[in-house]
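> How does the following fold in three dimensions:
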Amino acid sequence: MGTTQLETVPEPKYWHLKTVLAEALDSEFAVGEILPNERELAARFGVARATLRQALEQLELEGRLQRRRGVGTTVAPPRMGVSVGSAQQGRPGESGDDWEAADSTPAAPPAAVARLLGTEAGEAVHIVRRSRVTGGQPVATELLYVPAASVPALCADDAPAGPAGARAVLRELRNLGFDDEDQAVELGSARADEAKQLDRLPGAPVLVVTTRYFAQGRTAAVAVATYRADTCRLTF
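Residues are numbered from 1 along each chain as shown. All right, here's what the predicted structure looks like:
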């Protein structure tokens, strides 16, 4: 990796440094290779470590780098295409649904989700936790919020817990059937629990996909899925 002085570059230093680093990743490093430490890189390019961190964070956001616990910063493999539309992955409980259900618990959803569901503040709903693995690698975690009205055969307080409870909720959703859905995608950062499930560091960039499922003229469920931004390229 050659030395490039950035003092006379008119654009932000970190942005130009990001471009220089990206070119070096293409020509001098292999996938999975560990980058030199920050001190060495900052000295080599004649920039402050804060500038270097900005460039590295941008490259991580773009999926070029990965920060791995106990390893350091490594060159990321090419992003994989992950389908998020129901036509490709199936709706919850339906055939083709490629999420793995982990458990289900009754609890009040966040205020923003409660507004989407049309439930009262503090009203308990079924919360199904699911995960998605592609190519042996965890790529997403999801919380599926289901109000009692959508699964009347299950009482939120008496429904079975764990994987059996999750399967019961999904089975009732399959019986209900969805008429339509809408989706929104935004950039976020991984919470500690999400980072652990996705094998990332807390604060790592993620893509948050919120899906509302409709049945019988109302919102029947809301899914909030968190995808790894460093490895996923979402397709709809």
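
> Can you name the next helix or strand after the helix-or-strand element of the chain with minimal mean pLDDT?
Lowest by mean pLDDT, DSSP states H and E among the helices and strands of the chain is helix 86-89, with a mean of 56. Per DSSP states H and E, the first helix or strand lying C-terminal to helix 86-89 is strand 100-107.

> Given that next one, what are its sheet partners and their directions?
When pairs are called by DSSP bridges, strand 100-107 turns out to pair with strand 125-134 (antiparallel).

> just checking, what packs against the helix or strand encompassing Val206?
Applying DSSP H and E as the criterion places Val206 in strand 205-215. If you count contacts as 3 or more C-beta pairs under 8 Å, 6 or more residues apart in numbering; DSSP states H and E, strand 205-215 packs onto strand 180-189, strand 218-228, strand 232-235. (C-beta placed from N, C-alpha, C; glycine too.)

> Return the distance of it from the chain's centre.
10 Å (C-alpha atoms, centre = their mean, to the nearest Å).

> cool, stretch 82-101 as well?
The answer for stretch 82-101 is 16 Å, by C-alpha atoms, centre = their mean.

> Dump that stretch to PDB, restricted to CA.
Only the C-alpha atoms of stretch 82-101 are listed here, as PDB (Å, rounded to 0.1, in the frame of the first residue of the first chain):
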ATOM      1  CA  VAL A  82     -30.700 -10.900  -0.200                       C
ATOM      2  CA  SER A  83     -34.400 -10.900  -1.200                       C
ATOM      3  CA  VAL A  84     -36.700  -9.100   1.100                       C
ATOM      4  CA  GLY A  85     -39.900  -9.000  -1.000                       C
ATOM      5  CA  SER A  86     -42.600 -11.500  -0.200                       C
ATOM      6  CA  ALA A  87     -42.600 -12.800  -3.700                       C
ATOM      7  CA  GLN A  88     -39.100 -14.000  -3.200                       C
ATOM      8  CA  GLN A  89     -39.000 -15.000   0.500                       C
ATOM      9  CA  GLY A  90     -42.600 -15.700   1.400                       C
ATOM     10  CA  ARG A  91     -44.700 -14.000   4.100                       C
ATOM     11  CA  PRO A  92     -44.600 -15.000   7.700                       C
ATOM     12  CA  GLY A  93     -46.000 -18.500   8.200                       C
ATOM     13  CA  GLU A  94     -46.400 -19.100   4.400                       C
ATOM     14  CA  SER A  95     -44.600 -21.600   2.200                       C
ATOM     15  CA  GLY A  96     -41.300 -20.200   1.200                       C
ATOM     16  CA  ASP A  97     -40.800 -18.300   4.400                       C
ATOM     17  CA  ASP A  98     -37.000 -18.700   4.900                       C
ATOM     18  CA  TRP A  99     -36.800 -17.200   8.400                       C
ATOM     19  CA  GLU A 100     -36.000 -19.400  11.400                       C
ATOM     20  CA  ALA A 101     -38.200 -18.800  14.400                       C
END
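
> what sits opposite the residue nearest to Leu201 when sequence neighbours are not counted in the beta ladder?
Leaving aside its chain neighbours, Leu201 sits nearest to Arg67 (5.4 Å; criterion: C-beta to C-beta, 6 or more residues apart in numbering). Residues in a beta bridge with Arg67, per DSSP bridges, are Thr73.

> now Ala223
Assessed by DSSP bridges, Ala223 has beta-bridge partners Leu144, Thr211.

> give the contact list for it.
Going by C-beta atoms under 8 Å, 6 or more residues apart in numbering, Ala223 touches Pro92, Glu142, Leu143, Leu144, Tyr145, Val209, Thr210, Thr211, Tyr213.
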